[in-house]
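Chemist: fold the following for me, if possible:
(one chain, ligands or ions: 1)
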Amino acid sequence: MAVNMIVCVAKDNLIGDKNPEGNGLLWHSKEELLFFKEKTVGNVVVFGKNTAKYVPIKLMEKTRDVVVISSKDRFEDIVERYKDTGKDIFICGGATVYKYYLENYPMDRLYISKLKDHVEVKKPHLPLYLPEVEKYGYKVIGCEEHQDFTSYIYEK
Ligand SMILES: NC(=O)c1ccc[n+]([C@@H]2O[C@H](COP(=O)([O-])OP(=O)(O)OC[C@H]3O[C@@H](n4cnc5c(N)ncnc54)[C@H](OP(=O)(O)O)[C@@H]3O)[C@@H](O)[C@H]2O)c1
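Modeler: Residues are numbered from 1 along each chain as shown. Below is the predicted model:
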């Protein structure tokens, strides 16, 4: 069982707004949502409490196991719960959760979608950023071009 992170970033690693509207994202890319779906369907998606307010949890539960994590939960318990299921765990944000796992948990793979310039990005009131993952020892091991984004895969 792998523990992966998946995230989409705009310029300067912008990932969202502290008090977002709509589905929480500052952009619209159906292609990138489909990429997220393709990677996570059949697996376990882990969201922080704030992100969970914007994600269509019920819809996602039809094809994925959804875990909304609080700071009181032990990640080891989640790993234990799914370790023999053949499913992978995807850490799906938001900003607080990404930072915590980058700092405290060695993940197998990071999938980072970097949006291309033509994708319109709304201006955030309180911008949230993904830290530079390189400073935690992750390196690019592959990349794939899509119309709206480039998908980078990182490993330690
Ligand atoms: N671009 C992307 O790919 C992407 C993906 C996901 C989210 N986002 C964006 O991220 C933003 C939300 O980020 P956020 O930082 O406000 O919230 P968040 O990370 O979604 O949730 C934070 C909450 O999660 C709980 N939590 C769980 N594990 C924790 C831990 N180990 N340490 C600390 N807290 C933990 C805490 O709640 P308790 O204190 O109640 O325990 C904390 O308040 C939204 O704008 C969303 O759109 C972007």
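Chemist: all helices of this protein, in order?
Modeler: 30-40, 49-52, 57-60, 75-82, 95-104 (DSSP state H).
Chemist: ok, the residue of the chain most remote from its centre - contacts?
Modeler: What lies farthest from the middle of the chain is residue 84; by Cα atoms, centre = their mean that is 22.8 Å. With contacts taken as Cβ atoms under 8 Å, 6 or more residues apart in numbering, residue 84 has no neighbouring residues. The way it works is simple: take the backbone N, C-alpha and C, and place the C-beta from them, glycine included.
Chemist: what's the answer for residue 95, then?
Modeler: With contacts defined as Cβ under 8 Å, 6+ apart, residue 95 is in contact with 15-16, 18, 128-130.
Chemist: for residue 75, what are its contacts?
Modeler: When contacts are counted by Cβ under 8 Å, 6+ apart, residue 75 touches 69, 101, 105.
Chemist: near the ligand, from the residues you listed?
Modeler: Among those, the ones lying near the ligand by Cβ under 6 Å from any ligand atom are residue 69.
Chemist: buried among the contacts of residue 75? Need that as a selection in ChimeraX.
Modeler: Here is the ChimeraX command that selects the buried residues among the contacts of residue 75 (16 or more other Cβ atoms under 10 Å):
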select :69,101
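Chemist: let me know the closest of the contacts of residue 75 to the ligand.
Modeler: residue 69 (4.2 Å; Cβ to the nearest ligand atom).
Chemist: dump the residue contacts of the closest residue to the closest one other than its chain neighbours.
Modeler: Spatially, and ignoring its direct neighbours in sequence, residue 69 is nearest to residue 46 (5.5 Å; Cβ to Cβ, 6 or more residues apart in numbering). Taking Cβ under 8 Å, 6+ apart, we find residue 46 in contact with 67-69, 78, 89-92, 97.
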